[in-house]
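Chemist: starting from these lines, generate the structure:
(one chain, ligands or ions: 1)
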Amino acid sequence: MTTTRPETAEAVLAAIRSRRVVRAMTDEPVSREALETVLDAGRWAPTAGNRHLQRFVVTDDPATLRVLRMVSPGMIQRPAAAITICTDRPRAAAFGFPPDAPGLHVDVGTAAATLLLAAHAIGLGAGPVTSFSRAAVAVVLRLPEGWVPELVVCLGHPAPGAPAPMRGGPRLTWRDLTTWMP
Ligand SMILES: Cc1cc2nc3c(=O)[nH]c(=O)nc-3n(C[C@H](O)[C@H](O)[C@H](O)COP(=O)(O)O)c2cc1C
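Modeler: Now for the predicted structure:
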């Protein structure tokens with residue numbers, strides 16, 4: 001097992017703690033290099049059975065992004081780029097995953113968390129969106145048959161003086177979230 005140097009561990013933990021959903025973004029484009037850095041991080045997310053059944057569909061085309069927003073009520077931000085995490089259903093079926101297999105949904109979450117954190121680590125703002133019409137997004141992005149769009153990661157440069165992120169309640173402590181078994 002490789003060990004993590006203490007300063008690296010502290011940097012990773014600081015990034016985890018400071019990442020917040022960004023819903024106000026500037027018009028500045030996101031460079032191809034930055035997008036590739038985020039996408040490369042995504043392939044390191046853990047996946048059920050190590051099968052990698054998700055696919056990342058990227059767009060930074062302003063016209064496509066505009067239409068994407070129109071079919072995504074949950075997309076409050078005007079992103080400069082978006083990565084749509086899709087599940088490749090035919091591929092999943094070929095590996096024996098039924099459509100309702102929990103692992104397929106969990107994999108979307110691990111990919112999303114990894115992309116969000118990677119974006120934050122390189123100074124981009126990012127926010128997940130699941131409130132969208134799956135059928136419409138499939139058409140807008142011209143997805144191959146059987147690819148289901150599950151979550152869109154919006155990307156952009158955070159707008160200065162943006163409003164504070166949405167809060168559903170106070171951030172729980174790890175003690176609130178944890179039960180120790182005797
Ligand atoms: C599965 C999932 C779906 C989400 N969908 C949306 C969405 O459609 N629109 C949105 O603005 N935020 C969405 N969010 C972001 C949450 O609202 C956000 O993570 C939460 O308010 C906590 O904020 P924080 O991540 O900045 O701590 C989603 C988050 C998750 C995990």
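Chemist: which residue does this structure bring closest to the ligand?
Modeler: residue 74 (2.5 Å; C-beta to the nearest ligand atom). Backbone N, C-alpha and C define where each C-beta goes, glycine included.
Chemist: pretty sure that residue contacts residue 129?
Modeler: Yes: applying C-beta atoms under 8 Å as the test, residue 74 and residue 129 come out as touching, 4.5 Å apart.
Chemist: give me the pLDDT for the nearest residue to the residue of the chain closest to the ligand once chain neighbours are set aside.
Modeler: Residue nearest to residue 74 in three dimensions, not counting chain neighbours: residue 131, with 2.6 Å by C-beta to C-beta, 6 or more residues apart in numbering. Per-residue pLDDT puts residue 131 at 98.
Chemist: what's the answer for the one 5 residues further on, then?
Modeler: According to the model's per-residue confidence, residue 136 sits at a pLDDT of 98.
Chemist: counting neighbours, what do you get for it?
Modeler: For residue 136, the neighbour count with other C-beta atoms under 10 Å is 15.
Chemist: thought residue 69 was touching it, still the case?
Modeler: No: using C-beta under 8 Å, residue 136 makes no contact with residue 69, being 11.2 Å away.
Chemist: and residue 55, how far is that from residue 68?
Modeler: Residue 55 sits 17 Å away from residue 68, going by C-beta to C-beta, to the nearest Å.
Chemist: which one of the two has more residues nearby?
Modeler: residue 68 (24 against 16).
Chemist: the more buried one reaches residue 140, doesn't it?
Modeler: Yes: at 5.6 Å, residue 68 counts as touching residue 140 under the criterion of C-beta under 8 Å.
Chemist: after the longest helix along the chain comes which helix or strand?
Modeler: Counting residues, the longest helix found in the chain (DSSP state H) is helix 102-121. Using DSSP states H and E, the helix or strand that follows helix 102-121 in sequence is strand 125-129.
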